[in-house]
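[1] Here is my input; please provide its structure:
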Amino acid sequence: MRITELLDKKSVKLDAAPKSKNEALDMAVDLMADSGKIKDKEAYKKLVYAREDESTTGVGEGIAIPHGKGDCVENPGLAAMVIKDGVDFASLDEEPVNILFLIAAPDTEDNVHLDVLSKLSMMLMDEDFRNNLINAKDVDEFIEIIDKADEERADVDESLAETSIADDNSDSLKVVAVTSCPTGIAHTYMAAEGLEKAAEKAGVKIKIETRGSSGAKNVLTDEDIAAADFVIVTADAKVPMDRFKGKKVVQRKVADGINKADELMALAKAGDAPVFSGDSSEEGEAAKSEESGGTGHKVYTWLMSGVSHMLPFVIGGGILVAIAFLVDTIAGYGASGGGDFGSITPLAALLKYIGGLAMGLMVPVLAGYIAYAIADRPGLAVGFVGGMLASSGNAALSGFTFAEGTLMDGKALGAFSQFLSKFAFQQPNGGNTVSGFLGGIAAGFLAGFLVLGLQKACEKLPQAMDGLKPTLIYPLVGIFLEGVIMCFILNPVIGVVNTGLSNMLTAISDAGMLTVLGLILGAMMAIDMGGPINKAAYVFGTGMLTTAAGYLEQGMSASDPKVEACYVAMAAIMVGGMVPPVGIALACWIFPKKFTKAERGSAVSNVVMGASFITEGAIPFAAADPLHVIPCTMVGAGVAGFLAALFKCTLMAPHGGLFVFATVGNPLLYIVSWLVGSAVTCVMLGLLKKNVEQ
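    Predicted structure coming up:
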């Protein structure tokens, strides 16, 4: 693909005279709209401005390359403006912008246009090329200048691949570099071009790895790194750094690769940089540049790091568990399996065991990678432990020898030991202390900031102790503090909440208010999707099945109102748990602009999980946008539970989903309840959720 294929004559203006940066952006967006490349002008403009909010695209040397990527773009395109008198664009070098290229990129898997745009960004680093464009007499000449330069210049891959230092036997200084920016369309390659030119001028041999939208290119090999005398990292996104241990490394923001390449090369020649040891406290400009966005953006980025790593565990483990129930249903144990349902046949038990282990890792992985995003590798262990405590809860006191107040040799517990036994453990019948995915999120953020605090506190320790920080101090102190806070504060609070919920549900059931009970139970299933509130409803339902079994042993019939009420409660619980994933999947299809490409891609698996009673399929969506998603799922699930109770639907198995429909009473109305609740969630998401920035 040629650069000029992306540039329509209608989208070029050679006499632009904007008075401000915003006016320049608006004019460029208008030009892009004139080319017919975008479907929704206002949505595209929001993307362009959102990118500017992260950091200016005025890269210096009189160049600005704003860009927007999303579903509102029909086809990849360019718009160009020559601003001969210049405009203040808050550029990195504080100089006015004279030439602006606006990029429109569709959110598709086919990224061939990104290579073309990356090539243009590298061409703009040539001063003669820029001057020729600025002095073009008309649009035809402007396009011809670009086409000619495009013809003469090698493609990005070829240009970068020409450089290699592993087999260079000369006495020249050898440098390896990495460039990367969050979007990876322009700045990544402009920095590479700037470093390459500076290296050539300084007589330095250099190999540059670029990490852009189309992936890592010209990747540094172990041999390249071993041969290098110096490492330069200019990045506004995290890059793998462990490989540079023992090398002198300078870390800067990507803009310095564009505007301060000569300065960086001078540092390389002087060997002026610390030796990299892998300690995350060696946080260069690359890591600090993540702070360029607002607080909300940073929190969202940290959270999504956990969610993206957690998702495979939810999908893979959850579907294996669902298949286990299907196996037992096919074997004929859907109604009679009781608490062992899903583990009665050997195949079902194996599938449930494997899937259950995967699901059990869900919350620890969520917490661990939130902490990793905040504090890098030292945060990972602390986050994992916090997530384990959130998913497992506090140990039950009754399982220990000191439960009765004495040690195994009969000695009475001291005051401090009594304090620990009462507050760090779950008391018998003291309620559930599992804080679930919401507790996992809290644990992840807690772990990340604990480690950051430890790094700050250890800054003035002797240099000889640097090696002990990541291997001893951070994990030991961090895990201890994380554990204390989880055991003494977060998890016990959950126990109190769950005890109150259980008492409330029992009172409503005893009062015979079945529809109210169904509404509340359904909503509880969708508040924290597998967390403590969800589990409180489920435990109440299984308790109701036990009560029903007791009634039957006393001679009551299955149609007795007391027995039926127990089965109705379980039906409301299960239908409520099936609503969130399906309601969200419907919204992904009907309201695609409300969700990211990755979220839309998981819609089919969400339908499978919803039909299998795996409420956890909704967790990634709830974690990404809890203020909008959780109320929508809660209302939809509550409606489904209310309708199931109103229609007197019953369920005799301690599980939900299509696999246990053989045990459902009034199955048609049960399906209606499920679909209506899912539709309510879908519509509410469409009304309340904001369009995402792709």
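[2] Give the helix, strand or coil label for the residue lying farthest from the centre of the chain.
    Centroid-distance maximum for the chain: G555 at 53.9 Å, with Cα atoms, centre = their mean. In the three-state summary, G555 is assigned as coil, counting by DSSP: H, G, I helix; E, B strand; the rest coil.
[3] next one: V233
    strand.
[4] ok so, going back, quick one: the residue farthest from the centre of the chain from M570, how far?
    22 Å (Cβ to Cβ, to the nearest Å). All C-beta atoms are positioned from the backbone trio N, CA, C, and that covers glycine.
[5] cool, and I485?
    Distance from I485 to M570, counting by Cβ to Cβ: 36 Å.
[6] who's more crowded, these two?
    Between I485 and M570, counting by other Cβ atoms under 10 Å, M570 is the more crowded of the two (29 against 18).
[7] buried residues in the strand or helix carrying the more buried one?
    M570 is part of helix 561-590 when elements are defined by DSSP states H and E. Across helix 561-590, burial judged by 16 or more other Cβ atoms under 10 Å covers 563-588.
[8] buried sites along the next helix-or-strand element following it?
    For helix 561-590, the following helix or strand on the C-terminal side (DSSP H and E) is helix 597-601. Buried residues in helix 597-601, counted by 16+ other Cβ under 10 Å: E599, R600.
[9] Same check on stretch 84-94?
    Buried, per 16+ other Cβ under 10 Å, within stretch 84-94: V87, F89, S91, L92.
[10] counting contacts, what elements does the helix of greatest length in the chain pack onto?
    Criterion DSSP state H: the longest helix present in the chain is helix 295-330. Helix 295-330 sits against helix 346-360, helix 362-375, helix 436-457, helix 603-611, helix 619-624, with contacts defined as 3 or more Cβ pairs under 8 Å, 6 or more residues apart in numbering; DSSP states H and E.
[11] nearest to E152, of these?
    E152 sits nearest to helix 362-375 of all these, at 42.7 Å, using Cβ to Cβ.
[12] mind listing what the residue most central in space within the chain touches?
    Per Cα atoms, centre = their mean, the C-alpha nearest to the average position across the chain is that of M304, at 1.8 Å. Contacts for M304 (Cβ atoms under 8 Å, 6 or more residues apart in numbering) come out as A624.
[13] gap between it and F621?
    M304 is 11 Å from F621, where distance means Cβ to Cβ.
[14] Likewise for I508?
    I508 is 29 Å from F621, where distance means Cβ to Cβ.
[15] Ok, M190 next?
    Applying Cβ to Cβ to M190 and F621 gives a distance of 36 Å.
[16] hey, where'd the strands end up in the chain?
    With DSSP state E, the ranges of strands along the chain come out as 7-13, 58-60, 63-64, 67-70, 77-87, 97-106, 174-180, 205-212, 215-217, 230-235, 249-252, 650-651, 664-665.
[17] mind checking which of those is nearest S391?
    That would be strand 650-651 among the strands of the chain, by Cβ to Cβ, at 26.4 Å.
[18] Parallel or antiparallel, list what pairs with the closest one.
    Strand 650-651 has the following strand partners under DSSP bridges: strand 664-665 (antiparallel).
[19] where does the chain have its least confident helix or strand?
    helix 285-288 (a mean of 46; mean pLDDT, DSSP states H and E).
[20] Give me the number of neighbouring residues for the closest residue to V176 other than its chain neighbours.
    Closest residue to V176 apart from its sequence neighbours, by Cβ to Cβ, 6 or more residues apart in numbering: A228 at 4.3 Å. If you count neighbours by other Cβ under 10 Å, A228 ends up with 25.
[21] what about A228, distance to K247?
    In terms of Cβ to Cβ, A228 sits 6 Å off from K247.
[22] go on, T401?
    Relative to K247, T401 is positioned 54 Å away (Cβ to Cβ).
[23] For the stretch 51-200 of the chain, give me the ranges with low pLDDT.
    108-117, 154-164, 182-186 (pLDDT under 70).
[24] please redo it, this time with the cut-off set to 50
    Scanning the stretch 51-200 of the chain for pLDDT under 50 picks out the ranges 112.
[25] where exactly do the helices run in it?
    112-123, 127-134, 139-152, 156-161, 187-202 (DSSP state H, counting those that start in this stretch).
[26] Thought K174 was touching the residue nearest to V176, still the case?
    Yes - using Cβ atoms under 8 Å, A228 is in contact with K174, at 5.1 Å.
[27] Show me the common contact partners of those two, please.
    Common neighbours of A228 and K174 (Cβ under 8 Å, 6+ apart) are I165.
[28] For G387, list the residues it contacts.
    Here G387 is in contact with V363, P364, V365, L366, A367, G368, G440, A443, G444 (Cβ under 8 Å, 6+ apart).
[29] let's go with 6 Å and repeat that
    V363, P364, A367, G368, G440, A443 (Cβ atoms under 6 Å, 6 or more residues apart in numbering).
[30] Quick check: it vs K469, distance?
    According to Cβ to Cβ, G387 and K469 sit 23 Å apart.
[31] what do you get for A572?
    From A572 across to K469, the span is 53 Å (Cβ to Cβ).
[32] Please apply the same query to D168.
    Distance from D168 to K469, by Cβ to Cβ: 36 Å.
[33] do the same with T210
    In terms of Cβ to Cβ, T210 sits 32 Å off from K469.
[34] And the two? Which one has more around it.
    Taking neighbours as other Cβ under 10 Å, T210 and K469 compare with T210 leading, 26 against 20.
[35] picking up where we left off before, so among the contacts of G387, which ones count as buried?
    Neighbour-count burial (16+ other Cβ under 10 Å) applied to the contacts of G387 gives V363, P364, A367, G368, G440, A443.
[36] ok, so of those residues, who is nearest P462?
    The closest of the buried ones among the contacts of G387, once distances to P462 are taken by Cβ to Cβ, is G368, at 30.1 Å.
[37] Model confidence score at that closest one, please.
    The score at G368 is 94. That number is its pLDDT.
[38] just E404 next, same as before
    In this prediction, E404 carries a pLDDT score of 80.
[39] repeat for the one 4 residues further on
    pLDDT, M408: 81.
[40] T401 versus that one, what's the distance?
    5 Å.
[41] can you check A192 too?
    Using Cβ to Cβ, A192 is found at 64 Å from T401.
[42] more crowded one of those two?
    A192 (34 against 9).
[43] distance between stretch 448-457 and the chain's centre?
    With Cα atoms, centre = their mean, to the nearest Å as the basis, stretch 448-457 stands 22 Å off its chain's centre.
[44] That one: which residues count as buried?
    G448, L450, V451, L452, L454, Q455.
[45] Stretch 465-482 now?
    Buried residues in stretch 465-482 (16+ other Cβ under 10 Å): K469, P470, I473, Y474, P475, V477, G478, I479, L481, E482.
[46] Give the closest residue to the second one in space, chain neighbours not counted.
    Right, P470. P378 (5.1 Å).
[47] Would you check how far apart the one you found and L452 are?
    Relative to L452, and taking Cβ to Cβ, P378 is found at 9 Å.
[48] Alright, calling it a day.
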